[in-house]
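Novice: Below is the structure, and that's it, no one-letter string:
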């Protein structure tokens, strides 16, 4: 079983819909990262969080340390949000990241 | 500000050839790391470094060597390329001596081994 599990693996929605991507992990962590990768493109960090909630524009990330779960929300989704969203955790006491397999999001106009 | 620069962007090798993937950052980050990304799998850590002169193995280190002689550069060497090393390789860096800060990724190197 992977240490970091994301769901769903694929998500297709219509423009304007509210999007939720989930990430569960099974290890102690010191930080959780949400990353975005456009097709054929590089990887960009969206959020890094260790507790609570962060917001940037239409994107919101939350984490529940007790439940070992994080969610990434996109409000008023747009076709330009189409990308792969990757959850990664920094394992507590280790100096490395472990990644989920990613969620491929497609927003249709 | 260039950020993290990877070269080359594309490379085709024959089995048994060796090559070096270059990674340089201009942000004075202590932590640097190499990942490979394969279809259907998440990014996997190959090697990482917490500062100049210090490197350690990640999840999939076999067939790869690294060194960190300066803060800026963290090259990845393929000793004898194999088809199983066909992948997209990403270098990343972050402030501080661990992976607990925001990660900055290079644009990637797409490698094919024939």
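Specialist: Great, that's in hand. Keep in mind that this is a model prediction, so the values were computed, not measured.

Novice: thought residue B:82 was touching residue B:114?
Specialist: No: using CB atoms under 8 Å as the test, residue B:82 is too far from residue B:114 to be in contact (10.6 Å). The C-beta positions use only the backbone N, C-alpha and C, and glycine is treated the same way.

Novice: what number of residues lie near the closest residue to residue B:107 other than its chain neighbours?
Specialist: Of all residues not flanking residue B:107 in the chain, residue A:42 sits nearest, at 4.5 Å (CB to CB, 6 or more residues apart in numbering or on different chains). Other residues near residue A:42 number 16, with proximity taken as other CB atoms under 10 Å in any protein chain shown.

Novice: quick one on the thing from earlier: for residue B:82 and residue B:114, list the residues in contact with both.
Specialist: Taking CB atoms under 8 Å, 6 or more residues apart in numbering or on different chains as the contact rule, residue B:82 and residue B:114 both touch residue B:15.

Novice: And the residue positioned nearest the centre of chain B, how far from residue B:43?
Specialist: Taking CA atoms, centre = their mean, the centroid of chain B lies closest to residue B:34, which sits 2.9 Å from it. Distance check for residue B:34 against residue B:43: by CB to CB, to the nearest Å, it reads 10 Å.

Novice: Could you tell me which residues touch both of the two?
Specialist: Common contacts of residue B:34 and residue B:43 (CB under 8 Å, 6+ apart): residue B:90.

Novice: in the sheet, who's paired with the spatially closest residue to residue A:43 that is not a sequence neighbour?
Specialist: Nearest residue to residue A:43 in three dimensions, chain neighbours excluded: residue B:105, at 4.1 Å (CB to CB, 6+ apart). Under DSSP bridges, the beta-bridge partners of residue B:105 are residue B:92.

Novice: just to revisit the earlier point, between residue B:82 and residue B:114, which one's more packed in?
Specialist: In this view residue B:82 and residue B:114 are compared by other CB under 10 Å, and residue B:82 has more residues nearby, 14 against 10.

Novice: so what's that one up against?
Specialist: Residue B:82 neighbours (CB under 8 Å, 6+ apart): B:15, B:63, B:113.

Novice: Thanks again, I'm all set now.
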